[in-house]
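**Q** Mind folding the following:
(chains A and B)
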Amino acid sequence: MSMRRVAVVGAGMTRFVRRAMETPKELAWHAARMALDSCGLTLNDVGGVCIGSAPDAFDGVHMKGEYLSDGSGAWGKPVMRSYVGGGTGVFLGPHGWYHVASGLFDVVLVVAEEKMSSFYPHAQAAFLTIFDHTTERPLEPNLLWIFALEMNRYMQAYGISKRDIAQVAVKNKRNAADHPCAMLGEANITVEDVLNSEVLAWPVQRLDVSPVSDGAVAIVMAAEGVAERITDRPVWVQGVGWNLDTAYWTNRDLAYPEYVERAARMAYDMAGVREPRKEIHIVEPYDPFDYKELHHLEGLLLADRGKAPELTAQGVTARNGAMPVCPSGGLLGVGNPITAAGLMKVAELFWQLRGEAGARQVPGTPERGLAQAWGDLMQVGTVTILGTQRPA
Amino acid sequence: MTHPVAIIGVGWAGFRPVTPEASYKELIYEAAVRAYADAGVNPRRDVDSFVTVSEDFHEGTSIFDEYVPDQIGGAQRPVHTITGDGLHGLAAAVMQILTGRFRVVVVEGHSKASNILTLPHITAYALDPILNRPLAANPLAVAGLEACRYTHESGATREQCAAVVTKNRRNALRNPAAAYGADLRTEDVLASEAVASPLARLEISDHADGAIVIVLADAETAGRLSPHPAWIRGIGWANDSPSLESRCWARAVYAERAAAMAYKMAGIGNPAEEIQFAEVDDTYAYKELQHLEALGLCAQGRAGPLTVEGATAPDGCLPVNVSGGSLGVGHLLEASGLARVLEVVLQLRGQAGSRQLGDVHTGLAQSWRGVPTTGGAVAVLSNQLGGRES
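**A** Numbers count the residues shown, from 1 in each chain, chains lettered A, B, ... in the order given. Okay, the predicted model is just below:
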């Protein structure tokens, strides 16, 4: 049976900020309305709504999808909130895709909102509750610690230095200087700045980490036959993939994200991508920490294991390099309102592939991009591949 | 639906008021093993995707989707969570199969409500944090207010609501999985303590622990694997306004819209004629009446009288909640909708034991997400490919 093709036809995003004055519903609606306006649609054209938002603990709202539903444009409509922790933002690609590809919806509005500033004094404390209540929570672990473990393991396994990794933070924060919604764009930041920043949990330093942020992003997805009537430049969903590893993260070799590879292979298979290093022209991998961009490029099979730092050093991943990585500025530069940051990566591909990315526009005529996110207990990989060519 | 989807396996563990001997993982594992044996599938080989439903605050764990893959055989496979009722999870699975990229998809839902010491305090966190939560109302007040408005506009009486309770608790006596089977009189219900006026203690479902796993497949796989596929002829879901200030208090608009979507897909023009039995949300007694009217299974204001007349009893013309519903089985948090589906599947297969209805071929399952939400879902199932598929 032939699949119903699905395209992204509109996108919108709020500024990412440390503390938004808007309520969560208002943030969601600002992004939703921008996405609808960008393609000339109204709520009357929307059949269903897909919502993404990270842990309820951030907003301190139980059943946050229900709470966000009217702000996300879902009053009186079918609405469903999907969830895979930090991977949720990019999972909204597959989530919206299967709504439309199923044939049940012609147009869906896909909204990602996060308001982490509600958690007082700092959202980091919410992460105490993600650990196993019996075996881990009594140790009072901090999320930064377990990522410090993973970063250490990655560095040890391949002989990678802090300086190698810091280049990613520099690249992304410089890229973000060109993003009008960015929170931490910095055109003149240097590797020394990163290496001299406050140590949070060795080897993680402050500038290795993305910030706590508030913000929202929305996209509009439409079916073939409908998408072409909405815009003459639909950007097609060519592949989607997701994969969840065991909850027992302590049993994993943290040097390599196998679940990301499995999610990527699922998406490449659907997209008919056989040689990803040649066929993927823009990459927006998940970069909540600078080492994660490298880790994920390897998991996505876009770099050999342990070799992603070399690509960065050689400028291959620069905005004007052979394989631009995080031309948006990523989470490190634009900010990290968790699911909104993930969907921002999908929206960035949409703008880049349409040539609408302004000062961030990558050179040439890119035809295909990949967005990826990660989350849970170093456990989930989500992938969305967009392209200008309608899938066969 | 040109490419129908079927339920080919069901498994459950429970349902009981407390399960001190089993963790939620063990409950889910037991349900999963039964479902996979029932469907004849190996989760590591034959299942293409897994959908789970949960809400972090009910689990006491943030990012709860972390903890679901192992016990359902989903590690290193496509697994994701829907923060909705089990019927929303079922809808996600149906959509995935309809894309043509997935043949077998599993849905999991569970309740370990006995672990929650102060459920009303948790539920209070679902009230709008800026506009409503400062009022510090017990969230059951929302149900009390709605019961007032619904009974005022529909003319339903307290006795009619109590008849829902006596029926469902009595039905549960014939369901070995039900936690709250009882032979009650209307007077017992009416005399029970007022909790959120007009709601009395016995009109409010108690919670139970348990897990439900359901295996879905595309038509070709279902035909190959299952001797008794339950076809999902239609599915729909919708929300009214989440804001207390702007919602409809008398009617269950979410159920009306979800039903319209499901009936359209199923090609059902006259649900009161074509639906033979229904499992509907009865978190509170009045909700069963309100939902039957919203689903178009009876006229507005008629659900109460019909219940008193016995039309919704197992031997009536429209049996409702033969399983016992949430009042009799126990409310299973996010798994409640799957409990409704489970009963419809067992009835369609002729596997409902002493509560088996006579010759039935089409049933409906409906869910609501509880106070203070206005979210719900509807599925129409049949043991034959009727309607537009034929």
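**Q** is it true that B:Tyr36 touches B:Gly9?
**A** Yes: using Cβ atoms under 8 Å, B:Tyr36 is in contact with B:Gly9, at 6.5 Å. Backbone N, C-alpha and C define where each C-beta goes, glycine included.
**Q** Look at the two and report which has more neighbours.
**A** Using other Cβ atoms under 10 Å in any protein chain shown, the more surrounded residue of B:Tyr36 and B:Gly9 is B:Gly9, with 25 against 22.
**Q** so where does that one fall, helix or strand?
**A** Assignment of secondary structure by DSSP states H and E places B:Gly9 within strand B:5-16.
**Q** how far is that strand from where the chain is centred?
**A** From the chain centre to the centre of strand B:5-16 is a distance of 12 Å (Cα atoms, centre = their mean, to the nearest Å).
**Q** is the helix or strand that that strand is followed by up against chain A anywhere?
**A** Per DSSP H and E, the first helix or strand lying C-terminal to strand B:5-16 is helix B:24-39. No: in terms of Cβ under 8 Å from any Cβ of the partner chain, no part of helix B:24-39 sits within range of chain A; the closest distance is 9.0 Å.
**Q** ok, and the closest non-adjacent residue to A:Glu66?
**A** Nearest residue to A:Glu66 in three dimensions, chain neighbours excluded: B:Thr373, at 4.3 Å (Cβ to Cβ, 6 or more residues apart in numbering or on different chains).
**Q** burial of B:Pro78, as a residue count?
**A** B:Pro78 has 23 nearby residues by other Cβ under 10 Å.
**Q** try B:Ala194
**A** Residues near B:Ala194, counting by other Cβ under 10 Å: 11.
**Q** beta partners for it?
**A** As for beta bridges, B:Ala194 partners with B:Ala200 under DSSP bridges.
**Q** that older thread, between B:Tyr36 and B:Gly9, what contacts are shared?
**A** Contact criterion Cβ atoms under 8 Å, 6 or more residues apart in numbering or on different chains; residues shared by B:Tyr36 and B:Gly9: B:213, B:215.
**Q** which residues touch B:Pro305?
**A** B:Gln160.
**Q** Buried residues in the host helix or strand of it, which are they?
**A** Using DSSP H and E, B:Pro305 maps to helix B:303-309. Burial within helix B:303-309, assessed by neighbour count using 16 or more other Cβ atoms under 10 Å in any protein chain shown, is assigned to B:303-308.
**Q** Report all helices and strands that the next helix or strand after that helix contacts.
**A** Next helix or strand after helix B:303-309 toward the C-terminus (DSSP H and E): helix B:325-329. Helix B:325-329 is packed against helix B:158-172, helix B:336-349, with contacts defined by 3 or more Cβ pairs under 8 Å, 6 or more residues apart in numbering or on different chains; DSSP states H and E.
**Q** redo that, cut-off 6 Å
**A** Other helices and strands packing on helix B:325-329, by 3 or more Cβ pairs under 6 Å, 6 or more residues apart in numbering or on different chains; DSSP states H and E, are helix B:158-172.
**Q** Looking at the helix it packs on now, give me its mean pLDDT.
**A** Mean pLDDT, helix B:158-172: 98.
**Q** Same check on stretch A:3-10?
**A** pLDDT averaged over stretch A:3-10 gives 96.
**Q** Can I get that stretch in PDB? Just the C-alpha atoms.
**A** The C-alpha coordinates for stretch A:3-10 follow below in PDB (Å, rounded to 0.1, in the frame of the first residue of the first chain):
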ATOM      1  CA  MET A   3       2.000   5.900   1.800                       C
ATOM      2  CA  ARG A   4       0.200   9.200   1.900                       C
ATOM      3  CA  ARG A   5       2.900  11.900   1.700                       C
ATOM      4  CA  VAL A   6       3.100  14.600   4.300                       C
ATOM      5  CA  ALA A   7       4.600  18.100   4.100                       C
ATOM      6  CA  VAL A   8       5.500  20.900   6.400                       C
ATOM      7  CA  VAL A   9       3.800  24.000   5.100                       C
ATOM      8  CA  GLY A  10       4.300  26.600   7.900                       C
END
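**Q** Are that stretch and chain B in contact anywhere?
**A** Yes: against chain B, stretch A:3-10 shows contacts by Cβ under 6 Å from any Cβ of the partner chain at A:Met3.
**Q** Touching that stretch from outside, list them.
**A** Residues outside stretch A:3-10 that contact it (Cβ atoms under 6 Å, 6 or more residues apart in numbering or on different chains) are A:35, A:38-39, A:97, A:100-101, A:103, A:219-224, A:227, A:230-231, A:234-237, A:350, A:391, B:100.
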